[in-house]
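> got a sequence here, can you model it:
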Amino acid sequence: QVQLQESGPGLVKPSQTLSLTCTVSGGSIRTKYYYWCWIRQSPGKGLEWMGHITASGSTGYSASLKSRTSIARDTSKNQFTLQLSSVIPENTAVYYCASALYYVGSFYFVYWGQGTQVTVSS
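So this is what the prediction gives:
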């Protein structure tokens, strides 16, 4: 059973960079065909896919967040990370990491982390 666990600061000040880590156990982030994703849910809103990193290390980002988002990985630790720069209070959300398969234009999410609350406030 693959398990994902998010970690990082729960409070970030406006204009700073939000940094989160997802630690994967029970499976490798180099497993072929898998996408390792970051997703968030702001209060009162639906889930928003932010971006992914593939088993080979390629990245993809939401068009609306691309200029402020960076996803990377550390294969030696079986982790992947999210950085969101220049945060604003509206970026307050529960942030999730998840693994997914991609088929005919859609992601199919397989495993999820429990989510971590990040609040942007001074």
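> rest of the way, CA atoms for contacts and neighbours
Noted.
> from T59, how far off is the residue nearest the centre of the chain?
Nearest to the geometric centre of the chain sits W38, at 2.1 Å (C-alpha atoms, centre = their mean). According to C-alpha to C-alpha, to the nearest Å, W38 stands 11 Å off from T59.
> which residues do the two both contact?
G51, H52 (C-alpha atoms under 8 Å, 6 or more residues apart in numbering).
> other SSEs contacting the one helix or strand V94 maps to?
Element membership for V94, per DSSP states H and E: strand 93-103. For strand 93-103, the packing partners by 3 or more C-alpha pairs under 8 Å, 6 or more residues apart in numbering; DSSP states H and E come out as strand 3-7, strand 34-41, strand 106-112, strand 116-120.
> how about those in JSON lines, adding mean pLDDT and distance to D74?
As requested, these are exported to JSON lines (pLDDT from 0 to 100; distance: least, C-alpha to C-alpha, whole Å):
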{"stretch": "strand 3-7", "mean pLDDT": "98", "distance to D74": "14"}
{"stretch": "strand 34-41", "mean pLDDT": "97", "distance to D74": "12"}
{"stretch": "strand 106-112", "mean pLDDT": "95", "distance to D74": "19"}
{"stretch": "strand 116-120", "mean pLDDT": "98", "distance to D74": "20"}
